[in-house]
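Predicted model and sequence follow; I will ask about them next.
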Amino acid sequence: MRVLALLFSCFCLASAADLDYGRDIRPILSENCFHCHGQDSKKRMAGLRLDESPSGAAVHADKILDRITTANKARQMPPAYSNRTLTSDQKALLKRWLDEGGKYSKHWAFVPPVAPPVPSGAANPIDAFVLRKLQAEGLKPSPAAKPAAWLRRASLDLTGIPPTLAEIDAFEKDAAKNGDGAYARTVDRLLASPHYGERMAIDWLDVARYADTHGFNNDSEREMWRWRDWVIQAFNSNQRYDRFLTEQLAGDLLPNPTLEQRIATGYGRNHVINSEGGIIEEEYRVEYVSDRVRTLGMSWLGLTLECARCHDHKYDPITQKDHYRFFAFFNNVPEFGEDGRVANAVPMIPAPTPDQQRRIARLQADIAKLEQVSARLSAGWKFKPMTPPAPPADVTTALNLDCNDGPAPGIQGNACIAKDAKTPAVPIARRNPLAFRVWLQSTAADTDAPILSTIDYSKNEAAVGYASGTELRLVNGEVELRLSQRFPAYALRVQSEGARIGAGEWRHVTVVYPGVAAEPDAMRMKAAWVRMYIDGREVPTRILNDGASLPSPGEKPSNQIFKLGWDNAGKSGTRFQGKLDNIQILTRDLKPEDAARWFESDALPYALSRTQRSPVETAWIRTYALKDKNKPLDDLKAELYAVRRASPMTMVMQELEGTPRPTHLLLRGQYNLPGEKLEPGVPESLLGAWPAGAPKNRLGLAQWLTKPDHPLTSRVVVNRFWQQLFGQGLVKTSDNFGFQGEFPSHPELLDWLARDFVDNGWNVKALMRKIVLSATYRQDAAGSPELTARDPENRLLARGPRFRLPAELIRDQALAISGLLTEKLGGPSVYPLQAEDLYKGIVVAADYPGTKYITSKGPDLYRRSMYTFWKRTVTHPAMTVFDAPDREFCIVKRSTTNTPLQALTLLNDPIYVEAARKLAERALREDAKAPIAYAFRLATGRQPDERESQILRTSYEKLLQTYENDRRSAEALLTVGPAPRDPKIPTAQLAAYTGVANMILNLDEVITK
Amino acid sequence: MKQQLSRRSLLARTGYGLGVAAMQSLFGGTHFAPKAKRVIYLFQAGGPSHLDLLDYKPEMKDRFNQDIPPSVFGGQRITGMVASQDRLPVAPSMYGFKQHGQSGQWFSSLLPHTAKVADELCVLRACHTEAINHDPAITLLQTGSQLPGRPSMGAWVDYGLGSENANLPAFVVLNSLPSNGQPDQGLLARLWGAGFLPSRYQGVQFRNGKDPVLHLSNPPGLDSNVRRQQLDGITALNQHLREKVSDPEIDTRIAQYEMAFRMQTSVPELVDMSKEPESVLSLYGDDAKKPGSFAANCVLARRLAERNVRFIQLYHRGWDHHGGLTDKLPSLAKDVDQPSAGLIQDLKQRGMLDDTLVIWGGEFGRTPYAQGPLKPDNYGRDHHGRVFSMWMAGGGIKKGLSYGASDDYGFNVIEGGVHVHDLQATILHLLGIDHTKLTYKFQGRQFRLTDVHGNVVREILS
């Protein structure tokens, strides 16, 4: 307790000299009084308001003093039922403040930062501010850390990977010779490393709540890694931080947004999404929007905006109305409350990787060239009589309607006129292939009408199985396939792109869903499997929904009866107006050449028989005649479509088309209790004016947040980077800059950094460089017992940072020093070793993607931990045991705990036992004379001292003796982990060194930076 | 040494019995004398049907297939599960109910063993929750909020009271799957998570098989002698470092490694049931010998309780009977009936029931109206939160009491309503904690398990 008092005395109590309202008084009032005497007018007692000038305290000074000092329990403030009490120190402070006139000042964090004059005494302004504070406290800075210790610290901080021994050697030499220049060169090298982006991304993934699953109890897989890779790339390319913010918040609203800018908006979609059957849509849609507000507040404002969701904020001057005006910015996304059962939730876009983008660009260029060739061929083509091809011979159909008894002429004989007609039953199974081909002639081009449908749209849309079934549809000239379990979220919904089926034309449509044969180990139906052909030629497709699940193998087909040209939409339904002909449904795959043949065998006799041919009909004949010559072009197109289909998808922010969704204040935060209608907006009087001319949307919001004089954004951001390096921010409550947040330990330094950051173009690398090159950062981390007692959390910065590494870095370091690390940047998440039955007993009893952990093979076992499949409800234990969050919501600061489970993990988890063996092998291979010292140096960056060498040596000798007497155990230990063992090293020796390496990986120094 | 303890290391030491906990350090003990020293929570995940197990509704018998009167229905929110149904017809339970024991409490024929301990139980017949879906409902019950992010009940208790066993975690979680192989809904690690509390307060999941705690066993070929030698070396090296850098966190680390080593002995000893006499195992039924079954977990729960583990959380999944309830419910009830009753008897015969609180129940009940087709002996029921039943027994709870009542349809609370937050307040109360005073400051606000709600249900306290 005494220690606690000392700690608080450093930061909370005013010195005799001056009293600062923001630092000394408001925290007391906020904690104890604002709850009932703050801005929440509904809860305000006795009409007394203490949170704003000039009313309140000064006017009622005597009364207040009386009530806080009285011994009468009934009159005492704060009242007993509030569970709050004022200490005598606090009462004394309040009295002094009131005696001095009860002056208010605006909360420091709501005033734009102004660069304060830099104190003299140090070249780096950071050091100057820190030194001044130390001097005021009567403390001295610590001496500089040894160069190797600094190098390890800086390497882990900037790249997440410890330095190699060669790097240490080189740096030690350089530092001895060139001093500061060596440090600067090294920092530049580290900042240029591609691993810099990885390290910087880790903290942001927590803030932006990135994960590979949707959360909630189904918790199935989502595909968002393109967003994660965007973050890495943004840091590596040193994207200006205001752009970093803008693209994530509103990339889609920028003029002509690039693919990468749209991917960036996944920031707004990383929240959890619920797919539990039967939930109420609006309830969860509101949750998602609320999550965006909360995350916005935490990410950039350092404010707990979510506290104003149900009522005015109890502490900060944020009203409930303010909350819902923020809400309005994010309330216009075309999304569902229930979605994401087996794949991404809408809105989503295909997000080809940079490699795929290059392939697509190359294919498009090649196609453009061949198109010219093709155009010349077409221009030079002259009609010659020809023999039409025969239909494909070996195609068996499940249903065949030639409609020749129909009333009107069709493409062959008569056509079907769609009027309440139905087909016989077709056996359809989700795992099995399904294909359609049909001739159609629509009287209208801009129609949205079913061609073949088994879907009933007339039931309650809230029902779990709403509009399930199969449908082929014509939507504004494009063909759409719907394989639906619950429309539209749990449907596979694919549309052709560029079919442009016009009015009055006979066109031939072929659609193929190949079933799981396309991907035998798939755990869901995939829209990417669908291929479409118009007039026998493949067309590109786009995915509208991709949420259909697969049943377990052994599924019995269901007999479905298709309506021709109509569905069960009731009165709102549209009927297909026109003719259909030669309808075939197949329950097998259809090869591209068969799709072409089928078309040709119908189309050519028809076209050839016509005396007056339409341009389309002429094109059929010409295309057929030039088919062989155009084959290279068609092949390239097929390849292009295949690359496009193989692209990963990513969820994005997008605005609803048409009328924006209205936003209402929600009473008590309840989705079904709308109050006053509100427009998007920000608390301008508190945090600064809306930028002139900025649009009232997310883009304008980004412009407001990145105004150079915004009081919060820059402070919050630099504080978080400071926290990353020093273990805690200058504002310790990095998630709360409001009244309840902690006053900065070094307010001038924070403001100087914020100002400098913005004035230098929001340059993150420059900021990191400045801090890492400071003498403050370079200090030795060792404290003395006196210093530890005086400042246990190192708030005064009288020594260098020393704290346990984040979960990811503990494992990455073990992989790096054992030589196992696969240094591949980005890509889909991977599945390193994990207890095989970990999901058993926890995950939902359905085979949704993400419910089975299929361990990676080969190099993917050893990727950096940030690429580990992040399942929200059962996160990888090697991560959670070291305090990594499950990412269900925004986290700005992790806890750092110290538990026996951490010991068990580092001692026994096969990941670490394998790393120990590979570290031993490496040390023996690279320094056979002193392998222990070598391994120790790899892990700590320094040579062991005499005592350490002796302890490790003794351990080794004991272990060697054990394993020489027990070869079988030695063999057994060396079998842990899939990485092959170096057969050249004798068994007992390797086992003993593995045991020693295992010890090294468990040392406090190794898991601490 | 003592004056070097920073707040950080002081707090870090509160996990796993290494030192004082929040309550002791902040309040010098519990807020008042506890009635219960530990909790065994038998969570029935998925929503067991109160109407077929604990809440006897003879009035429904004659109303088979009739509509629920609008006056009863009120503002019930309809889930998408039944949104497509034209009607919501009354489905009376097909199971017979009888009164049992001196207390004359009603139990359905599916709970014959529970019925035998009727006089030990307090059945809460008017529990209620606002949540109507699994994830939010179970999260509310276990963390006090429907949304993720809050600490679980066990984590709060661990944070508040600390551990009384230096060799075992204070908060242990045991999961079991139904014997019918249909666990339905998933669980979520957040249910035993620490939320915004430091993560050391999260529940430690005990598993079946070789490693009851993840990575508890030494790797193959590395026996406990070798491990001891290694630990001696690690400790010596860490102490050496401690002298150089003066970071008290290292002392904590050394202690945690010793705790890990002790767990390597204490946990296998704990889960080794070979010395449990047949007479004891038979109380829990035949499944008690099947590792990982609910019955075996109940035996384990008693063993944990004997070792003063503070919060023992069991989960049994598979109660989500939207359809075919009558096919599935009997086997689920059989899974848990005898083991739950056996646990009560076993605790009692050891004199431990007096200071062990046992809780049995799910996240909500099920609707009196049928979901899907309705036959007298075949029906399904949707989620229902407006009223449902649970039971409590042991430390500080009145015996042989049915508390609260639902209406004729088991649809609404008539009297004695116990909201989830009331239940939580009561559980903390029995442990000697004032639920309004066990708080943790996060993002500038003092949070508590019961949010800003909850009243202790004094009527059920002994």
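Happy to help now that I have it.

For chain A, which residue gets nearest to chain B?
For chain A and chain B, the shortest gap (CB to the nearest CB) falls at residue A:740, measuring 2.5 Å. (Glycine included, C-beta is placed from N, CA and C.)

Please name the spatially closest residue to that residue (chain neighbours excluded).
Nearest in space to residue A:740, with sequence neighbours left out and distances taken as CB to CB, 6 or more residues apart in numbering or on different chains, is residue B:444 at 2.5 Å.

what's the residue of chain A closest to chain B in contact with, if anything?
Residue A:740 makes contacts with A:27, A:30-31, A:304, A:315-316, A:733, B:443-445, as judged by CB atoms under 8 Å, 6 or more residues apart in numbering or on different chains.

What residues does the stretch 601-750 of chain A have near chain B?
A:733, A:735-736, A:738-741 (CB under 8 Å from any CB of the partner chain).

All the helices of the stretch 551-700 of chain A, residue numbers only.
Taking DSSP state H, counting those that start in this stretch as the test, the helices found in the stretch 551-700 of chain A are A:592-609, A:615-625, A:631-646, A:684-687, A:698-705.

could those be laid out in JSON lines, adding distance to residue A:748?
Shown next, in JSON lines, are these (distance: least, CB to CB, whole Å):
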{"stretch": "helix A:592-609", "distance to residue A:748": "70"}
{"stretch": "helix A:615-625", "distance to residue A:748": "75"}
{"stretch": "helix A:631-646", "distance to residue A:748": "54"}
{"stretch": "helix A:684-687", "distance to residue A:748": "21"}
{"stretch": "helix A:698-705", "distance to residue A:748": "24"}
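
Need the winner for burial among those helices.
When those are scored by mean count of other CB atoms under 10 Å in any protein chain shown, the highest mean neighbour count falls to helix A:698-705 (a mean of 22).

CA atoms of that helix as PDB?
C-alpha atoms of helix A:698-705 as PDB (Å, rounded to 0.1, in the frame of the first residue of the first chain):
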ATOM      1  CA  ARG A 698     -17.100   8.700 -43.700                       C
ATOM      2  CA  LEU A 699     -14.700  10.600 -46.000                       C
ATOM      3  CA  GLY A 700     -15.600  13.900 -44.400                       C
ATOM      4  CA  LEU A 701     -15.200  12.200 -41.000                       C
ATOM      5  CA  ALA A 702     -11.700  11.100 -42.000                       C
ATOM      6  CA  GLN A 703     -10.900  14.700 -43.000                       C
ATOM      7  CA  TRP A 704     -12.200  15.900 -39.700                       C
ATOM      8  CA  LEU A 705     -10.100  13.400 -37.800                       C
END
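
Mind giving me the packing neighbours of it?
The contact analysis (3 or more CB pairs under 8 Å, 6 or more residues apart in numbering or on different chains; DSSP states H and E) places helix A:698-705 against helix A:241-250.

Can you read off the pLDDT for residue B:331?
Residue B:331 is assigned a predicted lDDT (pLDDT) of 96.

Ignore what I typed, I meant residue A:4.
33.

What's the local residue count around the closest residue to chain A within the stretch 301-450 of chain B?
Closest residue of the stretch 301-450 of chain B to chain A, CB to the nearest CB: residue B:444 (2.5 Å). For residue B:444, the number of neighbouring residues by other CB atoms under 10 Å in any protein chain shown comes to 24.
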